[in-house]
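Q: structure, please.
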Amino acid sequence: MGIMEIEKKDRQIQPGVPAGFPFESSLMMISQLENKSFFHHWHPEIEFTVIEKGEIDYQANDRIFHLREGDGIFVNSNVLHSGWLTGEGDCIYRPVNIGLALLQDFEGSDIDVKFIAPVFESPDFPSLYLDKDNEKHREILGLLRDCINLRHSKSPYYQLLIKAKLYMLWALMCEEVNIARRDQATCAPAVRINEIKAALSFMRENYRYHITLDNITHSTRTFRLRSYPEGLEPSWLLFHND
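A: The predicted model follows:
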């Protein structure tokens, strides 16, 4: 088996949302990241990403989306995701991380039971491609941009205004969840994401050492590695070996 050297800075990315108001957005240029990509990672916050300029290939669990300028994507809590530059030029994008506490109501409330808990970490709704040419998706993206602008405004009430906008946005997301669940019978089964996470965690925890494929398979059950995507370094995606 070959040797892989793992660098810590390429592993788990923590969005670091503030505890007092768990909503954070930033403007990123992918060319400033090593290998013009961000590697597979996950976190408890949900994440929206809006493409401001250029285009990017974005993976959420086992699905790959090609996002163009004006498009966006929703990634659910603890979903494995990554992205890399495609084509010529650069890509400027804006990730928005939102903690569960910002959308939660009091425990046992109708809002929590009907609309929040069923979506967070829902295995049948890991992600949603937000197409700028789709009217409903444009509305979601518009509300998201309103929240971003409020976050960076000097309004003394921006937290209240963002929360109001987020509930409007979440109502539209719940409609998308219902559509996805009606169509789920036609969806391809996901790869075994928890096992992939176990392998990535093993590599992150042992990045100081030379790691062989035998080390990974022994510690995280039976995996095989294949190169993916072409030109991405380190370009490895883990799949279960059936």
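Q: which elements pack onto the longest helix anywhere in the chain?
A: Scanning the chain for the longest helix, with DSSP state H as the assignment, gives helix 158-183. Counting contacts by 3 or more CB pairs under 8 Å, 6 or more residues apart in numbering; DSSP states H and E, helix 158-183 is packed against helix 100-103, strand 127-130, helix 135-151. Glycine gets a C-beta too; all of them are placed from N, C-alpha and C.
Q: and after the first one, which helix or strand comes next?
A: Just to be clear, that refers to helix 100-103. As assigned by DSSP states H and E, the chain's next helix or strand after helix 100-103 is helix 110-111.
Q: who's in contact with that next one?
A: With CB atoms under 8 Å, 6 or more residues apart in numbering as the contact definition, helix 110-111 has outside contacts at Asp105.
Q: for the protein, what spans make up the strands?
A: Remark: strands assigned in the chain by DSSP state E are 3-5, 23-25, 28-29, 37-41, 46-53, 56-60, 63-67, 72-75, 81-85, 92-98, 127-130, 210-212, 223-227, 236-240.
Q: okay, the ones you listed, which one's buried deepest?
A: Across those, the average number of neighbours (mean count of other CB atoms under 10 Å) peaks for strand 72-75, which reaches a mean of 24.
Q: strand partners of it, parallel vs antiparallel please.
A: As defined by DSSP bridges, the strand partners of strand 72-75 come to strand 46-53 (antiparallel), strand 127-130 (antiparallel).
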